[in-house]
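Asker: All I have is the shape, not the residue letters:
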């Protein structure tokens, strides 16, 4: 089946990127976000069966909670170069999994 290059009336999807981070790379990510972005919100996912906390936390607190294992995951929302980004960090056995989404807002 051949699909056209562009489908009519298809919404544009957000850019999605994934990576596995080691501890030094994770530290650089937190430093870069702190230094080069407009931070919007940071939320924590506690234990395996806990939902993300509703109350936002400070970036450094999120880093400490993730590094200590007290948080299973962290979501960081920020603006960088005119776009809104959401980084979700989840602890896995090999390190920390990063899922990054660049949100694209369309006028309706």
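Answerer: Yep, that arrived. These numbers come from a predicted model, not from an experiment.
Asker: contacts and neighbour counts: CA atoms only from here.
Answerer: Will do.
Asker: and residue 90, how many residues sit next to it?
Answerer: 18 (other Cα atoms under 10 Å).
Asker: Report the beta-bridge partners for it.
Answerer: residue 73, residue 97 (DSSP bridges).
Asker: any idea of the pLDDT on it?
Answerer: Note for residue 90: predicted pLDDT of 95.
Asker: Find the centremost residue of the protein, please.
Answerer: residue 87 (0.9 Å; Cα atoms, centre = their mean).
Asker: was I right about it contacting residue 77?
Answerer: Yes - taking contacts as Cα atoms under 8 Å, residue 87 lies within contact range of residue 77: 6.4 Å.
Asker: Provide a list of residues in contact with the closest residue to the residue nearest to the centre of the chain other than its chain neighbours.
Answerer: Leaving aside its sequence neighbours, residue 87 sits nearest to residue 100 (Cα to Cα, 6 or more residues apart in numbering; 4.5 Å). For residue 100, the contact set (Cα atoms under 8 Å, 6 or more residues apart in numbering) comprises 16-18, 85-88.
Asker: Minimum pLDDT in these, which residue is that?
Answerer: Comparing those by pLDDT, residue 16 comes last, at 80.
Asker: Any buried residues in the least confident helix or strand in the chain by mean pLDDT, and which?
Answerer: Across the helices and strands of the chain, mean pLDDT, DSSP states H and E gives its lowest value to strand 15-21, namely a mean of 90. Neighbour counts using 16 or more other Cα atoms under 10 Å place 20-21 of strand 15-21 among the buried residues.
Asker: Next, the buried residues of the longest helix belonging to the chain.
Answerer: When the chain is parsed with DSSP state H, its longest helix is helix 23-36. Applying a neighbour-count criterion of 16+ other Cα under 10 Å, one finds 26, 33 buried in helix 23-36.
Asker: Stretch 63-70 now?
Answerer: Quick answer for stretch 63-70 (16+ other Cα under 10 Å): 63, 65-67.
Asker: pLDDT of that stretch, averaged?
Answerer: Mean pLDDT, stretch 63-70: 91.
Asker: Likewise for stretch 32-44?
Answerer: 95.
Asker: I figured residue 85 hits residue 42, correct?
Answerer: No - if you go by Cα under 8 Å, residue 85 and residue 42 don't touch, sitting 11.9 Å apart.
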